[in-house]
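[1] quick one, structure for this:
(chains A and B)
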Number of protein chains: 2
Amino acid sequence: MQIEHGGALDRAMERFGGTPGDWIDLSTGINPEVFPLPPIGLEIWNRLPDEKLLTSTLNAAREYYGAGSEAGIVAAPGTQSLIQILPDVMSKGEVVIVGPTYQEHRASFLNAGWLISNCASIDEIPPSAKVVVIVNPNNPDGRIIPREPLLELAKRMDSRGGTLIVDEAFADPHPEASVAAQAGMSGLIVLKSFGKFFGLGGLRLGFALTTRDIAQALKHRLGPWAVSGPALIIATHAFCDTNRLADYLARLRSRRELLTIVLAEAGLAETGGTMLFSLIEFRQAYLLHEALCKEHVLTRKFDYAPQWLRFGLPLDENAAERLQHRLGIALDIAQS
Amino acid sequence: MQIEHGGALDRAMERFGGTPGDWIDLSTGINPEVFPLPPIGLEIWNRLPDEKLLTSTLNAAREYYGAGSEAGIVAAPGTQSLIQILPDVMSKGEVVIVGPTYQEHRASFLNAGWLISNCASIDEIPPSAKVVVIVNPNNPDGRIIPREPLLELAKRMDSRGGTLIVDEAFADPHPEASVAAQAGMSGLIVLKSFGKFFGLGGLRLGFALTTRDIAQALKHRLGPWAVSGPALIIATHAFCDTNRLADYLARLRSRRELLTIVLAEAGLAETGGTMLFSLIEFRQAYLLHEALCKEHVLTRKFDYAPQWLRFGLPLDENAAERLQHRLGIALDIAQS
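    Residues are numbered from 1 along each chain as shown, chains lettered A, B, ... in the order given. Below you'll find the predicted structure:
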């Protein structure tokens, strides 16, 4: 089974032509601005990443995510690589996924032979659930489940020997939604994506914040030198650069406001979103998706929700203006 | 179980003092010269590595390793990450490891619940073996098993439903030893490390060359975007840069000759090695290891072979001279 994702500009260009420079790629929830890269010494490229380098990154991550000293923390080459092995570190049973949401959780548990159930809200989780997966804020609708019910659920899961997985891939600019500070409590695994907020999706870096035992099991499963030296250096630098972080977040906010304005002026109804993307509802969204492709704008459509279209962020005012122009043309076509 | 590896300069500095600049780190088999890096565009850091980028790397790898079009090929964040999942893509049984050798193969199959057997040569492999692991050239003794017996073994394994894994981590400068050209034949998996020969251990990149079915199973287990964008760009560039490759290999040869001279002049008996390291035999090698640490030279000792010491390559003549001087002092101490 091949799950469709955003980011496939190569396939869009095959079908609709154009060069990468012609396209506005809004198909992912990755910040289009790369957080300023530090110098990367030749020895970082040359040597296996050592324990000291890894520890400095994990300490910086712990501080940045606000996790306490009781939390176990593990770095991996992308949250996706953690999603691939999570079923391996828990005893098999039924996993309940609150969705619709990012589809790789389901795929991974399915491959590992788990029984999969879906439910639409936290109130509908059956007591048979051994593991619950919640993406928070959710992708693609941006639904946020507040901390209190999440932590209550984690306790309830733990009391019956189960686990709550909270995938906080999009939570960096929504700190009020994060339960990272509670990481370390039994029955809770929090996943963090480095690349989305920091605009470094190509780097492959993610973290799990959880109990020391589960962190150890994940680390053991990943094996030594799981994360590249450049990723460790870049992340340590980014986590600690408080001044730059404030400006970077401010620019992200402006970018999001630009997108809101463009969508509103085009008459598109925003039905959800996070700081990193907007979800709009449109009667025949797949027609709009195709019309936008013809104008070399790549958005993300959803097979399971033909009325939805997700827009990532334009880099700057110039990109927003180009988007506005092309969106106008595409809407004319899609509505005609 | 924590396996000791080379590359732990941080731990050596904790115990013996000094700064990274003070040390000559010869504890790994990684080429100390980083292959020239290409420019890495911001979009490579920013975007998820797409199918087109991955395909161009896989095509370049296929060409560089001399694998035919019938071979399946998969890229992973380091050969180690492939070693972690190999037991998952074969049905469980007895694995026979020809050794002593790199210890992570054993650890991975052990964790996966396989029965482990060891043997000292290819002639001693019991017929009960479901999988055989051979590192070729071997680490740390450099023993090379020629192609013919390896391919016969692969056929024999396949005829009884088994598999031969050939880990060619150190084979780049020993092309005559490689069976990569036969990848695709049933019953054979060839592992390739990118970082060792190209001096890019921090990058985390490795390949498996095998049947299309096993490659697909490994790819599926790794999940999407397993390898970073920078690693893909850097490797594609390196594989194709034929002119630079010739000079780079020549410099590697000189480096290896320098090491041979330094060891010979110190009266140390070389008992094996590859183009990337030398293994010497010394009655109390662990004493020499410690004496070298005091002189800020890090080598690799082996718990299972207290008479062995492995030396990686000094970068240049300057490093070789410093090594010669420090080795003299350390030998005086270790022999006194």
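[2] going forward, measure contacts between C-alpha atoms and count neighbours the same way
    Noted.
[3] quick one: contacts for the nearest residue to A:G18 once chain neighbours are set aside?
    Leaving out its chain neighbours, the residue that sits closest to A:G18 by CA to CA, 6 or more residues apart in numbering or on different chains is A:H296, at 7.2 Å. By CA atoms under 8 Å, 6 or more residues apart in numbering or on different chains, the contact set of A:H296 is A:16, A:18, A:22-24.
[4] switch the cut-off to 10 Å
    Contact analysis of A:H296 by CA atoms under 10 Å, 6 or more residues apart in numbering or on different chains lists A:9, A:12-13, A:16-25, A:290, A:323, A:326.
[5] and those, which of them are buried?
    When burial is judged by neighbour count using 16 or more other CA atoms under 10 Å in any protein chain shown, the buried members of these are A:9, A:12-13, A:17, A:23-25, A:290, A:323, A:326.
[6] CA atoms only: put stretch A:155-168 into PDB for me.
    Taking C-alpha atoms only, stretch A:155-168 is exported to PDB below (Å, rounded to 0.1, in the frame of the first residue of the first chain):
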ATOM      1  CA  LYS A 155      -3.700   7.900  32.800                       C
ATOM      2  CA  ARG A 156      -6.700   5.800  31.900                       C
ATOM      3  CA  MET A 157      -4.700   4.000  29.200                       C
ATOM      4  CA  ASP A 158      -1.900   3.400  31.600                       C
ATOM      5  CA  SER A 159      -4.200   2.000  34.300                       C
ATOM      6  CA  ARG A 160      -5.200  -0.700  32.000                       C
ATOM      7  CA  GLY A 161      -1.700  -1.400  30.700                       C
ATOM      8  CA  GLY A 162      -2.100   0.600  27.500                       C
ATOM      9  CA  THR A 163      -0.400   3.600  26.000                       C
ATOM     10  CA  LEU A 164      -1.400   7.000  24.500                       C
ATOM     11  CA  ILE A 165       0.700   8.200  21.500                       C
ATOM     12  CA  VAL A 166       0.500  11.900  20.900                       C
ATOM     13  CA  ASP A 167       2.000  13.000  17.700                       C
ATOM     14  CA  GLU A 168       2.900  16.700  18.100                       C
END
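[7] distance between it and the chain's centre?
    Offset of stretch A:155-168 from its chain centre (CA atoms, centre = their mean, to the nearest Å): 20 Å.
[8] and for stretch A:91-109?
    For stretch A:91-109, the distance from its own C-alpha centre to the chain's C-alpha centre is 15 Å (CA atoms, centre = their mean).
[9] over to it now: how far is its first residue from its last?
    End-to-end span of stretch A:91-109 (CA to CA, to the nearest Å): 11 Å.
[10] that stretch and chain B, any residue contact?
    Yes - judged by CA under 10 Å from any CA of the partner chain, stretch A:91-109 and chain B are in contact via A:104, A:107-108.
[11] same check, this time on stretch A:153-172
    No - using CA under 10 Å from any CA, stretch A:153-172 never reaches chain B; the gap is at least 14.3 Å.
[12] could you give me the average pLDDT of that stretch?
    With pLDDT averaged residue by residue, stretch A:153-172 scores 98.
[13] please state the offset of it from the chain centre?
    A distance of 17 Å separates the centroid of the chain from that of stretch A:153-172, by CA atoms, centre = their mean.
[14] now stretch A:107-117
    How far stretch A:107-117 lies from its chain's middle: 20 Å, per CA atoms, centre = their mean.
[15] what residues of it count as buried?
    By 16+ other CA under 10 Å, the buried positions in stretch A:107-117 come out as A:107-109, A:114, A:116-117.
[16] just stretch A:57-70 next, same as before
    Buried, per 16+ other CA under 10 Å, within stretch A:57-70: A:57-58, A:60-62, A:64-67.
[17] likewise stretch A:38-46?
    In terms of neighbour count (16+ other CA under 10 Å), stretch A:38-46 has its buried residues at A:42-46.
[18] and that stretch, average pLDDT?
    Rounded mean pLDDT across stretch A:38-46 is 97.
[19] any part of the longest helix anywhere in chain A near chain B?
    Across chain A, the longest stretch assigned as helix under DSSP state H is helix A:242-265. No - Helix A:242-265 lies out of reach of chain B by CA under 10 Å from any CA, never closer than 14.5 Å.
[20] much appreciated, bye for now.
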